[in-house]
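Based on what follows, work out the 3D shape:
(one chain, ligands or ions: 1)
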Amino acid sequence: MPENPAPAVAPTAVPPESPESPRRALRLGIAGPVGTGKSSLIALICRALGDELRLGVITNDIYTDEDARFLRSAGVLDPARIRAVETGACPHTAIRDDVTANLLATEDMERDFAPLDTVLIESGGDNLTATFSPALVDAQIFVLDVAGGGDVARKGGPGIGRADLLVVNKTDLAPYVGVDVERMVADAEEAREGRAVLALSREDDQSVQALRRWVLQVLAAHRSGEHIPQDPGPMAPHFHADEEHPEGGYVHAHA
Ligand SMILES: Nc1nc2c(ncn2[C@@H]2O[C@H](COP(=O)(O)OP(=O)(O)OP(=O)(O)O)[C@@H](O)[C@H]2O)c(=O)[nH]1
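Sure, this is the predicted structure:
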């Protein structure tokens, strides 16, 4: 795999770096429950934008570097630009409560491959409430999938309600799991009070192009200083499965 080349021509939608614009890359977080397609969405962004933007990827897993290995093997980016943080504890702690490991990994990546346009940071597969700290990312995408059920978008929570973009993923599976995508998107739009919602499938190129445009828009707003990072809000109490716990797990909250 060749080095991700610098774009020959700057994308028209994104203003080039200027002395006034932020010097560092846009840091874009990707969160959402286990298996909703976070790594696959990163692979889509790398395929769609890898020729025009200089990208880097950081993944988070508890004890493995599985997501980073998946992305390297997908051949979507120079493997050196895909790095893993092993959190050793709940991944949402590493993206929200103590962002040190991720910040160091991101800064190392930005220094080693300077200048980068965007660093994509994937949270470990987690629960419905995980969101990134604005101390770590400038903007965040929360990923749900239709196979999790059409009701999930209505349940709300900080990521669903207030992430910069909510993706309803794997829409190609909707007929097989009895989910009405239009209804699910409408519920999500209502829960988000008009914030952006995107129905996505890797099988549907139009939806991938819409994702591409959204990333370019946020990058343009970041460069022009118009984008202000928002905190989706504190994490709700959530359940941690634990085989050694007498009740099979415990409810846990972050201060
Ligand atoms: N049908 C369909 N399957 C998809 C799509 N996107 C991802 N998948 C599949 O969904 C499964 C989970 O995808 P991942 O990208 O590994 O999900 P993840 O959220 O990164 O998973 P964790 O890191 O384990 O939480 C894989 O089998 C993917 O091939 C899609 O658009 N359509």
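
you'd agree residue 153 is up against residue 166?
Yes - with contact defined as C-beta atoms under 8 Å, residue 153 counts as touching residue 166 (7.4 Å). All C-beta spots, glycine's among them, are computed from the backbone N, C-alpha and C.

shared neighbours of the two, anything?
Counting by C-beta atoms under 8 Å, 6 or more residues apart in numbering, the common neighbours of residue 153 and residue 166 are 144, 160, 188.

For PyMOL, write the select line for the buried members of the residues you listed.
This is how PyMOL selects the buried members of those, with burial counted by 16 or more other C-beta atoms under 10 Å:
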select buried, resi 144+160+188
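
The shared contacts of residue 153 and residue 166 in helices, which ones?
160, 188 (DSSP state H).

which one of the shared contacts of residue 153 and residue 166 is nearest residue 132?
Sorting the shared contacts of residue 153 and residue 166 by distance to residue 132 puts residue 160 at the head of the list, at 14.1 Å, by C-beta to C-beta.

For that closest one, give me the pLDDT.
You'll see residue 160 listed with a pLDDT of 91.

residues contacting whichever residue of the stretch 101-250 of the chain sits closest to the ligand?
When distances are taken as C-beta to the nearest ligand atom, the stretch 101-250 of the chain approaches the ligand most closely through residue 125, which lies 2.0 Å from it. When contacts are counted by C-beta under 8 Å, 6+ apart, residue 125 is found next to 32, 33, 34, 35, 36, 38, 91.

Mind doing that once more with 10 Å?
Residues touching residue 125, when contacts are defined by C-beta atoms under 10 Å, 6 or more residues apart in numbering, comprise 31-36, 38-39, 60-62, 66-67, 91, 143.

same deal with residue 88?
Listed by C-beta under 10 Å, 6+ apart, the contact partners of residue 88 are 61, 62, 63, 94, 101.

In helices, which of the residues you listed appear?
In this view, those that belong to helices under DSSP H are residue 101.

Name the nearest of the contacts of residue 88 relative to the ligand.
Taking C-beta to the nearest ligand atom as the measure, the ligand lies nearest residue 61 of the contacts of residue 88, at 7.2 Å.

Nearest spatial neighbour of the closest one, chain-adjacent residues omitted?
What sits nearest to residue 61 in space, not counting adjacent residues and going by C-beta to C-beta, 6 or more residues apart in numbering, is residue 124, at 5.1 Å.

who touches the one you found in this structure?
31, 34, 38, 59-64, 66-67, 85-87, 89-95, 130.

Just the endpoints, please. Distance across stretch 216-230?
End-to-end distance for stretch 216-230, by C-alpha to C-alpha, to the nearest Å: 18 Å.

So for it, mean pLDDT?
Averaging pLDDT residue by residue across stretch 216-230 gives 95.

list the buried ones in that stretch?
216, 218, 219, 220, 221, 222, 223, 227, 229.
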